[in-house]
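Colleague: mind folding the following:
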Amino acid sequence: MTELLLIRHGETDLNRELRFQGQIDVPLNAVGLEQAARLAARLGVQAQRPVVSSDLTRARQTAAALLGDASPALEPGLREQNFGQMDGMRVAEIQSAHPQAWACWSAFDADYAFAGGESTRQFHARVLEAVRALAQKHAGGTVLVVTHGGVLDMVYRSALSLSLHGPRQCLIPNAALNRVRLHEGAIEILEWADVQHLTDMPAQPVYDQSRLAQR
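Modeller: Okay, here's the model as predicted:
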């Protein structure tokens, strides 16, 4: 049995602007850096456990706040979903420039992918392979994993046996704590979206896929 403390990276400017961030390699903004610092203070000595991070800058910066001078182990399999040519765009921009692609994506078909990107089914397979490999490597222990909102959505769906079709059904705040347990490949959620350490900070931008699909 292995516990993973899953953490979405701190806020970036693209998060604040509700853009498709995907695999664009952007840094944390000032709010994100403060979120990461508060997360480190909340975790305290727990941050001395093994820390594994997506190799994208925003995740690495969040992990660095936990580790101080040390460096996290990097795992490219924990990257955000690749949205191809839509990476960096706002919804309104996609709707205007690529209406057919938007219509296909907003149907939330797990097998649809933007040009140059990966489908939800492909993404889910990549994420689960990376997560289960981590659990096997650190069997019996606890690992801090700094990753992305889409990755956490894939874990959540797997834990609750939710369909890969359809919009996201859980909250995934920046720099929140999400604790899961893996045993023989099965995922159990122990805690989700704990943001006690972020009280009194600016309200986070909310990515509501169900509302986007209605536009």
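
Colleague: give me the residue at the spatial middle of this protein.
Modeller: In the chain, the centroid-proximal residue (CA atoms, centre = their mean) is residue 148; its distance is 1.9 Å.

Colleague: where is the longest helix in this protein?
Modeller: helix 120-137 (DSSP state H).

Colleague: now stretch 68-81: mean pLDDT?
Modeller: Computed over stretch 68-81, the mean pLDDT rounds to 92.

Colleague: grab the CA positions of that stretch and hand them over as PDB.
Modeller: Coordinates of each C-alpha in stretch 68-81 appear next as PDB, following Å, rounded to 0.1, in the frame of the first residue of the first chain:
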ATOM      1  CA  GLY A  68      14.400  24.300  -0.200                       C
ATOM      2  CA  ASP A  69      17.800  23.500  -1.600                       C
ATOM      3  CA  ALA A  70      17.000  19.900  -2.700                       C
ATOM      4  CA  SER A  71      15.600  19.000  -6.100                       C
ATOM      5  CA  PRO A  72      12.500  16.900  -6.800                       C
ATOM      6  CA  ALA A  73      12.600  13.800  -8.900                       C
ATOM      7  CA  LEU A  74      11.100  14.700 -12.300                       C
ATOM      8  CA  GLU A  75       8.500  12.600 -14.000                       C
ATOM      9  CA  PRO A  76       7.300  13.800 -17.500                       C
ATOM     10  CA  GLY A  77       4.400  11.400 -17.300                       C
ATOM     11  CA  LEU A  78       2.900  13.700 -14.700                       C
ATOM     12  CA  ARG A  79       2.600  16.600 -17.200                       C
ATOM     13  CA  GLU A  80      -0.700  18.300 -18.000                       C
ATOM     14  CA  GLN A  81      -2.800  17.100 -20.900                       C
END
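
Colleague: next up, the contacts around the closest residue to residue 113 other than its chain neighbours.
Modeller: Of all residues not flanking residue 113 in the chain, residue 119 sits nearest, at 4.1 Å (CB to CB, 6 or more residues apart in numbering). Bear in mind the C-beta positions are built from the backbone N, C-alpha and C, glycine included. By CB atoms under 8 Å, 6 or more residues apart in numbering, residue 119 lies in contact with 110-113.

Colleague: my guess is residue 24 meets residue 86, correct?
Modeller: No - taking contacts as CB atoms under 8 Å, residue 24 lies outside contact range of residue 86: 10.6 Å.

Colleague: narrow the contacts of residue 119 to just the buried residues.
Modeller: Buried by 16 or more other CB atoms under 10 Å: 110, 112-113, out of these.

Colleague: for this structure, which element, helix or strand, carries the lowest mean pLDDT?
Modeller: Scoring the helices and strands of the chain by mean pLDDT, DSSP states H and E places helix 209-212 at the bottom, with a mean of 63.

Colleague: relative to helix 120-137, how tilted is the longest strand seen in the chain?
Modeller: When the chain is parsed with DSSP state E, its longest strand is strand 186-194. Relative orientation of strand 186-194 versus helix 120-137 (axes from the mean of the first three to the mean of the last three CA atoms, to 10 degrees): 100 degrees.
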